[in-house]
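> pasting the sequence and the predicted model now:
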Amino acid sequence: MSQEMLIVDGLQYSNWSREIFEQMHEGGVDAVHATLVYHETTRDTLSRLGEWNRRFEANSDLIMPVHEPADIQRAREAGKVGIFLGAQNCSPIEDDIDMVAIMRRLGLLIMQLTYNNQSLLACGCYESEDSGITRFGRQVIKEMNRVGMVIDMSHSAERSTLEAIELSERPVIVSHANPSAWHSAKRNKSNKVLSAVAESEGILGFSAYPFHLKDGPDCTLAAYCDMIAATADLMGIEHIGIGTDLCQAQPTSVLEWMRNGRWSKEMDYGEGSKANAGWPRPLSWFRDNRDFPNLIKGLRQRGFDEREIERIMGRNWIELLERAATPMAT
């Protein structure tokens with residue numbers, strides 16, 4: 001690793017390759033929450049898990065799986081990047097609550113209750129009416145709490161997010177988004193939601209995806225760090241982290257799968273538009289995993305001390321997983 005500070009990225013979905021794993025090492029990254037699936041079924045999800053098993057086997061000198069929070073420290077000590085897996089939708093469990101425990105046992109640490117649309121569990125941030133948590137959703141939240149699968153509300157609507165926090169006995173996270181008060185993207189979160197996340201002992205992972213940023217691809221590092229400072233005042237330094245939403249080297253077909261899945265005949269452009277339908281231009285100061293030192297430098301320049309930076313860059317994620325990703329005692 002290129003530096004001693006612990007670095008955990010709370011969300012990436014890159015076109016995984018040995019080159020990217022090597023870049024993680026160059027950037028000093030210790031662990032990454034990697035998206036396993038978006039709209040895939042249970043059977044599809046098993047295949048994605050199989051693909052990751054092959055990656056771990058082929059790149060065992062660079063990466064290792066994280067099945068429990070302590071595995072991140074084990075990876076760090078072994079000089080490897082720990083990979084913990086998450087789903088950006090509830091499709092892996094389909095309509096079967098027993099799949100929650102099974103998927104957790106197979107290594108799925110985090111699951112979003114919905115991705116933009118209404119799901120069997122909750123309402124997404126793109127629906128015109130927010131119906132809140134469903135009857136099935138209440139049961140799944142209870143089961144996720146029991147088995148130690150972290151509830152992620154990154155793509156969920158406001159009422160659904162607040163209800164999930166109220167229903168959950170364990171911390172609820174927003175792994176990759178920013179405050180809507182800073183930039184009013186549909187995916188960003190209100191101060192009410194952010195305060196509730198903090199009260200639940202959860203965490204917000206700040207996104208570096210240009211559609212979530214003020215001034216888009218032209219957002220400066222200083223502006224980004226100003227946003228972090230303002231959110232620290234609102235949520236507390238213990239409840240913020242990084243969730244870059246880095247989608248490195250992905251083809252446009254993957255972006256279209258994220259936005260459309262199997263549900264739409266017409267092209268949905270998500271946070272983009274017909275005139276801006278592709279991947280956004282990357283930030284000049286954060287193009288890939290090698291640029292994490294730029295973010296540390298920006299936080300120092302903004303006036304954060306080393307203890308605060310260590311929390312933001314990774315320590316808070318470790319503590320969150322310790323609180324929320326361990327099975328409850330029976």
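On my side now, so go ahead.
> can I get the CA coordinates of stretch 138-157 in PDB?
Output of stretch 138-157 as PDB, limited to C-alpha atoms (Å, rounded to 0.1, in the frame of the first residue of the first chain):
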ATOM      1  CA  ARG A 138     -41.100  -4.800   6.800                       C
ATOM      2  CA  GLN A 139     -40.400  -8.600   7.000                       C
ATOM      3  CA  VAL A 140     -37.200  -8.300   5.000                       C
ATOM      4  CA  ILE A 141     -35.800  -5.400   7.100                       C
ATOM      5  CA  LYS A 142     -36.300  -7.600  10.200                       C
ATOM      6  CA  GLU A 143     -34.600 -10.500   8.500                       C
ATOM      7  CA  MET A 144     -31.700  -8.300   7.300                       C
ATOM      8  CA  ASN A 145     -31.200  -7.100  10.800                       C
ATOM      9  CA  ARG A 146     -31.100 -10.700  12.100                       C
ATOM     10  CA  VAL A 147     -28.500 -12.000   9.700                       C
ATOM     11  CA  GLY A 148     -26.300  -8.900   9.600                       C
ATOM     12  CA  MET A 149     -27.100  -7.700   6.100                       C
ATOM     13  CA  VAL A 150     -26.800  -3.900   5.900                       C
ATOM     14  CA  ILE A 151     -29.800  -1.900   4.700                       C
ATOM     15  CA  ASP A 152     -28.800   0.600   2.000                       C
ATOM     16  CA  MET A 153     -31.300   3.400   0.900                       C
ATOM     17  CA  SER A 154     -29.100   5.100  -1.700                       C
ATOM     18  CA  HIS A 155     -31.700   4.900  -4.500                       C
ATOM     19  CA  SER A 156     -34.800   5.100  -2.300                       C
ATOM     20  CA  ALA A 157     -37.400   7.800  -2.000                       C
END
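> per-residue pLDDT, the closest residue to Val100 other than its chain neighbours?
Distances taken as CB to CB, 6 or more residues apart in numbering put Glu143 closest to Val100, at 4.5 Å, once the chain neighbours are dropped. Every C-beta, even on glycine, is put in place using the N, C-alpha and C of the backbone. Note on Glu143: pLDDT of 98.
> any idea how far Glu143 is from Met149?
From Glu143 over to Met149 the distance is 8 Å, taken as CB to CB, to the nearest Å.
> now do the shared contacts for those two.
Common contacts of Glu143 and Met149 (CB atoms under 8 Å, 6 or more residues apart in numbering): Val100.
> which one of these two has more residues nearby?
For Glu143 versus Met149, the count of surrounding residues by other CB atoms under 10 Å is larger for Met149: 26 against 17.
> right, and that one touches Val100 too?
Yes: Met149 is within contact range of Val100, at 6.2 Å (criterion: CB atoms under 8 Å).
> quick check: neighbours shared by those two?
Met111, Glu143.
> sketch out the low-pLDDT regions of the chain for me.
Applying pLDDT under 70 to the chain picks out residues 1-3, 330.
> mind jotting down where the helices sit in it?
18-26, 42-58, 70-77, 98-105, 135-147, 158-167, 191-199, 221-235, 252-260, 292-302, 306-310, 316-324 (DSSP state H).
> out of those helices, which gets nearest to Ser119?
Set against Ser119 and scored by CB to CB, the helices of the chain come closest in helix 135-147, at 8.1 Å.
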